[in-house]
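S.K.: give me a 3D structure for the following:
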Amino acid sequence: MADGEGWASALSEGGFFGFERLEVYRLSVRLAKEVYSLTRRLPADERFGLTNQLRRAATSVTLNIAEGRGRGTDRDFARFLMQARGSLYEVVSALHLTAELDYLPAQDCKEAVTLAQTLASKLTAFAQKLNPS
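M.R.: Below you'll find the model as predicted:
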C-alpha cells in the first residue's frame with residue numbers, strides 16, 4: 001500500500017500502535033521514503049557520508065515520534081517530538097549540502113524540503129499542545 005490510509009493498519013492489525021494514526025508520523029514516513037529515493041542517486045563515495053547521515057536523520061524523525069508516543073506522559077511525548085524536529089532540521093541541512101555540492105539538483109530536493117517544512121510546523125504545534133509551558 002503506497003500512501004493510502006491503510007498501510008499502517010496492514011502492518012499491525014487495526015493500527016494497534018497509537019502513533020500509526022498520527023498525521024505527523026505518516027508525514028515522517030513519507031519524508032523518509034523521499035529521502036531514501038533521493039539518496040539512491042548520490043555518488044557511491046558518499047555512502048558513508050551524506051547518504052548515511054540523511055537516511056539516519058530521516059529515520060530518526062519517525063522513530064522519535066513512535067518512541068515518544070510510547071512514553072507515559074504528554075510532557076515526554078512533547079520532548080520526543082522536539083527531538084524529531086531536530087532530526088528533521090538535520091535532513092533539511094543535509095539536503096542543502098547535496099544541492100550545494102552539486103550531487104542533486106536543488107529542484108529535485110524541493111519536494112522533500114516542502115514536506116519537511118509542513119512536518120516541522122505540525123511537530124511544533126503538536127508539542128506545544130501537549131506541553132503548553
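
S.K.: by contact count, what packs against the longest helix seen in the chain?
M.R.: Longest helix of the chain, by residue count under DSSP state H: helix 74-100. On a contact count with 3 or more CB pairs under 8 Å, 6 or more residues apart in numbering; DSSP states H and E, helix 74-100 meets helix 23-39, helix 50-70, helix 106-130. All C-beta spots, glycine's among them, are computed from the backbone N, C-alpha and C.

S.K.: apply 7 Å and report the result again.
M.R.: Packing contacts for helix 74-100, counted by 3 or more CB pairs under 7 Å, 6 or more residues apart in numbering; DSSP states H and E, involve helix 50-70, helix 106-130.

S.K.: pick the most deeply packed of these.
M.R.: helix 50-70 (a mean of 20; mean count of other CB atoms under 10 Å).

S.K.: next, the angle from that one to helix 74-100.
M.R.: Per axes from the mean of the first three to the mean of the last three CA atoms, to 10 degrees, the angle that helix 50-70 makes with helix 74-100 is 170 degrees.

S.K.: contacts for helix 50-70, please.
M.R.: Here helix 50-70 makes contact (CB atoms under 7 Å, 6 or more residues apart in numbering) with 18-19, 22, 24-25, 28-29, 31-32, 35-36, 39, 42, 76-77, 80-81, 83-84, 87-88, 90-91, 94, 97-98.
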